[in-house]
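> Okay, here's the prediction I keep looking at, along with the sequence it came from:
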Amino acid sequence: MAKLKEPSKSSVSRREFAVDVAALGLTALLPRAVVDASAATQRVIVRTDAEIGMIHPELHGQFAEHLGSCIYGGLWVNKASRIPNVDGYRQQAIAYLRELEIPVLRWPGGCFADDYHWRDGVGAASRRPKRVNIHWGGYVEDNSFGIHEFIGLCRKIGAEPYLTGNVGSGSPEEFRDWIEYCNYPSGSSLAEERATNGSPEPFRVRYWGVGNENWGCGGEMTPAEYAAFYRRFSVYARTFGGLKPFLIACGPASNDLAWTRGFMEGVSGRRLPDGFSMHYYSGGNSTATNYTPSTMEQQLASFAAMEQAIIQQRGLLDGFDSGRNVGLVIDEWGVWDRAVPAEEKQYGALWQQSTLRSALAAGMALNVFNRQADKLYMCNIAQMVNVLQSLLLTDGPEGERCIRTTTYYTYALFKPHRSRTSLRVETEDSSPLGLSASASVKGAELILSLVNPKLERDLTVECSLRRRVAKEGKAQILHDADFNACNSFDQPGRIVPRPCPVSVEGSKIRLDLPAMSVATVILQLA
């Protein structure tokens with residue numbers, strides 16, 4: 001049995017913080033009582049001398065499943081549609097997603113993946129078989145969006161494709177052939193079939209999930225059972241066209257340490273996966289635009305538990321893989337609010353509005369990912385369009401309107417962190433609903449992101465840089481007085497990033513952060 005490593009700490013006690021500030025010669029900036037939790041001033045120290053690790057762009061990954069109107073009517077409308085499109089893809093969605101520079105996109109599921117057979121989605125669309133989607137509503141799937149259409153989408157938005165293979169109802173042969181079909185350059189029957197279907201050049205898919213939620217909709221397996229399936233499937237997942245597949249195993253639901261331990265014991269001494277995927281949803285007790293202060297606080301507090309789950313899961317994996325060759329992945333995450341039946345009927349299953357609360361949740365999660373950058377390889381929010389905590393919303397399968405959600409704009413605020421080195425950030429309040437912060441640096445540019453999840457407490461943030469000096473800075477903020485406010489089809493620009501005043505004096509940065517807001521500061525260092 002593997003031993004857990006001691007969890008690392010992303011914050012410090014108030015006493016430690018006060019001592020640290022004193023050591024920097026900043027005691028004059030302290031309030032009358034540094035332990036006063038009701039103080040409007042919150043102090044932050046960015047430790048430019050304490051690097052955490054690289055923030056992989058893949059931490060901003062996305063997920064799209066054949067569920068509701070995520071694919072059909074969201075991303076894919078067909079070439080003959082009256083909705084403006086580019087080769088069948090919704091034109092406005094492509095433009096917005098390209099602007100955000102999506103690093104990786106996971107498909108076709110989700111639960112849908114373990115009942116999906118890739119051959120159903122190749123060849124002439126008119127001859128593709130029609131299958132019943134047993135997981136999401138029992139509708140008839142016409143398979144007009146298959147592997148070629150998915151790769152086309154990835155290329156149009158600049159995303160790296162990530163395919164989830166069918167373990168629950170599929171076979172190692174089917175999985176192996178899909179990899180060859182996608183990646184072998186030419187000469188084999190499968191490569192020639194791909195060329196005949198319109199793609200002479202290989203797709204070069206690197207990321208491959210070996211099943212999805214195999215503890216649940218992917219087969220209701222035990223950890224030992226899934227480990228046996230993983231061992232068998234991975235034997236046939238070979239290198240084709242010089243591209244070794246990056247295999248991602250099915251990890252736990254939330255922080256199920258027993259699943260992780262059981263799986264790792266089952267593959268110990270064999271080929272370990274390249275990635276290990278956990279799913280972590282933050283459920284909600286209200287419909288998206290009708291949260292109360294208590295239900296909002298309950299949901300936002302879950303991100304502290306997510307951070308501990310990352311620390312504990314990484315610690316358990318390290319007991320089996322001391323070299324950290326197995327990357328920890330969060331394949332599915334996000335807020336999951338109660339559905340509104342009328343909206344689902346109009347827009348599709350699990351259609352969910354994104355409010356200011358959703359933006360706060362996204363910012364808190366992305367701060368977690370930054371703070372734990374040394375423990376994470378990839379994170380994919382669920383889902384890209386219309387379903388759950390999405391980047392974009394469309395007004396039904398036949399609707400022409402497509403808008404950017406508050407979650408989209410949170411990703412835009414955090415985009416500068418990509419491919420930078422995460423820095424340790426120390427705050428006064430480490431409670432689940434305290435000021436959330438993360439920072440990163442590259443060269444002479446430092447990025448600081450802050451989330452104030454407090455309902456009725458405006459904050460003045462006074463930030464000190466350790467051993468570095470800033471010469472100038474600029475900031476943007478997402479904010480609204482109503483945490484149930486959203487970008488609607490009639491008012492798509494209600495909550496968008498706006499300039500935020502920031503004061504920069506050497507190593508000291510100051511800005512006002514109103515209640516329920518997300519902000520990113522970009523500092524130019526001397």
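On my side now, so go ahead. Numbers count the residues shown, from 1 in each chain.
> In this structure, where is pLDDT below threshold?
Where the chain drops to pLDDT under 70, the residues are 1-39.
> Show me what the lengthiest helix in the chain is packed up against.
Ranked by number of residues, the top helix in the chain under DSSP state H is helix 302-320. Applying 3 or more C-beta pairs under 8 Å, 6 or more residues apart in numbering; DSSP states H and E, one finds that helix 302-320 contacts helix 257-267, strand 275-287, strand 327-338, helix 356-371. Any C-beta I mention is one placed from the backbone N, CA and C, and that applies to glycine too.
> how about those, which one is nearest Leu67?
strand 327-338 (11.5 Å; C-beta to C-beta).
> May I see the buried residues of the closest one?
327-337 (16 or more other C-beta atoms under 10 Å).
> Redo those as TSV? Include distance to Val205.
Putting the buried residues of strand 327-338 into TSV (distance: C-beta to C-beta, whole Å) gives the following:
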residue	distance to Val205
Gly327	17
Leu328	21
Val329	16
Ile330	20
Asp331	16
Glu332	19
Trp333	23
Gly334	24
Val335	29
Trp336	28
Asp337	33
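> Out of these, the closest to His279 would be?
Glu332 (4.3 Å).
> show me what contacts that closest one?
63, 110, 279-281, 380-382 (C-beta atoms under 8 Å, 6 or more residues apart in numbering).
> repeat that with 6 Å
63, 279, 382 (C-beta atoms under 6 Å, 6 or more residues apart in numbering).
> same question, Ala227
With C-beta under 6 Å, 6+ apart, Ala227 has these contacts: 263, 266-267.
> Verify the contact between Pro497 and Gln476 for me.
Yes. Here Pro497 reaches Gln476: they are 4.2 Å apart, a contact under C-beta atoms under 6 Å.
> Quick one: neighbours of the nearest residue to Pro492 once chain neighbours are set aside, just the number.
Leaving aside its sequence neighbours, Pro492 sits nearest to Ile403 (C-beta to C-beta, 6 or more residues apart in numbering; 4.2 Å). Ile403: 20 surrounding residues under other C-beta atoms under 10 Å.
> cool, and Tyr281?
17.
> measure it to Leu433 for me?
For Tyr281, the distance to Leu433 equals 19 Å [C-beta to C-beta, to the nearest Å].
> Same question for Ser358.
Distance from Ser358 to Leu433, by C-beta to C-beta: 16 Å.
> before we move on, what about Leu523?
Relative to Leu433, and taking C-beta to C-beta, Leu523 is found at 26 Å.
> what about the two, which has more around it?
Between Leu523 and Leu433, counted using other C-beta under 10 Å, Leu523 has the larger neighbour count: 26 against 18.
> rewinding a little: export the contacts of Ala227 as JSON lines, with columns for neighbour count and distance to Lys244.
Listed next are those as JSON lines, based on neighbours: other C-beta atoms under 10 Å; distance: C-beta to C-beta, whole Å:
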{"residue": "Phe263", "neighbour count": "27", "distance to Lys244": "22"}
{"residue": "Gly266", "neighbour count": "19", "distance to Lys244": "23"}
{"residue": "Val267", "neighbour count": "19", "distance to Lys244": "18"}
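> Tyr236: which of those residues is nearest?
Looking across the contacts of Ala227 and measuring by C-beta to C-beta, the closest to Tyr236 is Val267, at 15.4 Å.
> Looks like Thr295 contacts Ser286 (just checking).
Yes. Counting by C-beta under 6 Å, Thr295 touches Ser286, with 4.5 Å between them.
> ok so, going back, ok, so of the contacts of Glu332, who is nearest His148?
Closest to His148, out of all of these and judged by C-beta to C-beta, is Phe63, at 19.7 Å.
> Quick check: bridge partners of that closest one?
Arg106, Ala382 (DSSP bridges).
> Settle this for me: it is touching Trp107, isn't it.
No. Judged on C-beta under 6 Å, Phe63 makes no contact with Trp107 at a distance of 7.7 Å.
> And these two? Which one has more around it.
The neighbour comparison of Phe63 against Trp107 (other C-beta under 10 Å) goes to Trp107, with 30 against 26.
> Can you tell me how far the more buried one is from Leu388?
Taken as C-beta to C-beta, the span from Trp107 to Leu388 is 15 Å.
> Could I get the full set of helices for the stretch 401-526 of the chain?
406-414 (DSSP state H, counting those that start in this stretch).
> all strands for it, in order.
In the stretch 401-526 of the chain, the strands defined using DSSP state E, counting those that start in this stretch lie at 402-404, 421-427, 436-442, 445-452, 459-466, 470-479, 498-500, 503-505, 508-513, 517-525.
> okay, the angle between the longest one and strand 459-466?
When axes from the mean of the first three to the mean of the last three C-alpha atoms, to 10 degrees is applied, the directions of strand 470-479 and strand 459-466 differ by 150 degrees.
> what does strand 470-479 rub up against?
So strand 470-479 is contacted by 359, 409, 495, 497-498, 500, 502, 504, 511, 514, 517-526 (C-beta under 6 Å, 6+ apart).
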